[in-house]
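# Here's a sequence, model it:
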Amino acid sequence: GCNFEIKKGERIGLVGSSGSGKTTLINMILGFIKPQTGKILVDGDDIHLNLSSWHSKIGFIPQDIYLLDETITKNVALGIEGEGQDLERIKKALISAEIYNFINKLPKGLDTGVGEKGVRLSGGQRQRIGIARALYRDPSILIFDEATSSLDSDTEEKFMKNVFNLGREKTMIISTHKLNTLKGCDKIYLLEKGKIVQAGNFSEIINKSQN
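Have a look, this model is predicted:
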């Protein structure tokens, strides 16, 4: 029973406690789950008619980031080797993800190995590498599923400011259990038990929750 429209360039927030349906809704938008009733339409076409085309437009940042036992460069430009890697774009993506300053101080910089599954990095650092990976590909749609959950409050605030400064050419869908993360969103949907129970901007959601 969830019906809503997202316009190009909008920043949409999905907020709710664990089990409210945020991740299920994200997985439906991504095309990983097909609706039993209804459709997910993009420009009037069902995404399941051409999922590969839909996925090519999306940068997805999940809560759990998988890293290769490789350098930071190879983890950001995942699947792109050698001369195909754009070091300036990698740097720009790492700056936006609020981790470039840390990497730049390492002895090997971008050539630093992260270890198996990123064991040499903290949880927050792994998350930021995953965020940079999505930004590196410069997708037109960014989908975050609890992507900032491992970040401390200060880093999260700086990161979200960078995200919202990326420009209106990018459409964003941000799922989180923390309402403050969504201050820069145009519209926020509050979910409970798989239903949208409130919709509005940040101020409207805050006022309704206080009343």
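
# Show me the contact partners of stretch 147-158.
61-63, 98, 123-124, 126-128, 130-131, 159-160, 174, 176-178, 181 (Cβ atoms under 8 Å, 6 or more residues apart in numbering). Where you see a C-beta, it was placed from the backbone N, CA and C, and this is true even at glycine.

# 10 Å instead?
For stretch 147-158, the external contacting residues (Cβ atoms under 10 Å, 6 or more residues apart in numbering) are 60-65, 97-99, 122-128, 130-131, 134, 159-160, 163, 174-178, 180-181, 183.

# Distance from that stretch to the middle of the chain?
From the chain centre to the centre of stretch 147-158 is a distance of 12 Å (Cα atoms, centre = their mean, to the nearest Å).

# Send me it as CSV with only the CA atoms.
The C-alpha atoms that make up stretch 147-158 are tabulated as CSV, following Å, rounded to 0.1, in the frame of the first residue of the first chain:
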residue,chain,number,x,y,z
ALA,A,147,24.9,3.7,5.0
THR,A,148,26.0,6.1,7.7
SER,A,149,25.2,3.9,10.7
SER,A,150,28.9,3.2,11.4
LEU,A,151,29.9,6.9,11.3
ASP,A,152,30.2,9.0,14.4
SER,A,153,27.9,12.1,14.6
ASP,A,154,30.4,14.7,13.5
THR,A,155,31.6,12.6,10.5
GLU,A,156,28.0,11.8,9.5
GLU,A,157,27.1,15.4,9.5
LYS,A,158,30.1,16.4,7.4
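
# Report the mean per-residue pLDDT for it.
The average of the pLDDT scores along stretch 147-158 is 79.

# Give the buried residues for it.
By neighbour count on 16 or more other Cβ atoms under 10 Å, the buried set for stretch 147-158 is 147, 148, 149, 150, 151, 155, 156, 157.

# Let's have the residues you listed in JSON lines, adding distance to residue 14 and secondary structure.
Converted to JSON lines, these look like this (distance: Cβ to Cβ, whole Å; DSSP: H, G, I helix; E, B strand; the rest coil):
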{"residue": "147", "distance to residue 14": "12", "secondary structure": "coil"}
{"residue": "148", "distance to residue 14": "13", "secondary structure": "coil"}
{"residue": "149", "distance to residue 14": "14", "secondary structure": "coil"}
{"residue": "150", "distance to residue 14": "18", "secondary structure": "coil"}
{"residue": "151", "distance to residue 14": "18", "secondary structure": "coil"}
{"residue": "155", "distance to residue 14": "21", "secondary structure": "helix"}
{"residue": "156", "distance to residue 14": "17", "secondary structure": "helix"}
{"residue": "157", "distance to residue 14": "19", "secondary structure": "helix"}
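
# quick check, nearest of those to residue 83?
Of all the buried residues of stretch 147-158, residue 147 has the smallest distance to residue 83: 30.0 Å, by Cβ to Cβ.

# next one: phi and psi at the closest one?
The phi and psi values for residue 147, taken as degrees, to the nearest 10, are phi -70, psi -20.

# before we move on, back to that, narrow the contacts of stretch 147-158 to those in strands?
60, 61, 174, 175, 176 (DSSP state E).

# Next up, the contacts around residue 57.
Neighbour list for residue 57: 42, 139, 140, 141, 171 [criterion: Cβ under 10 Å, 6+ apart].
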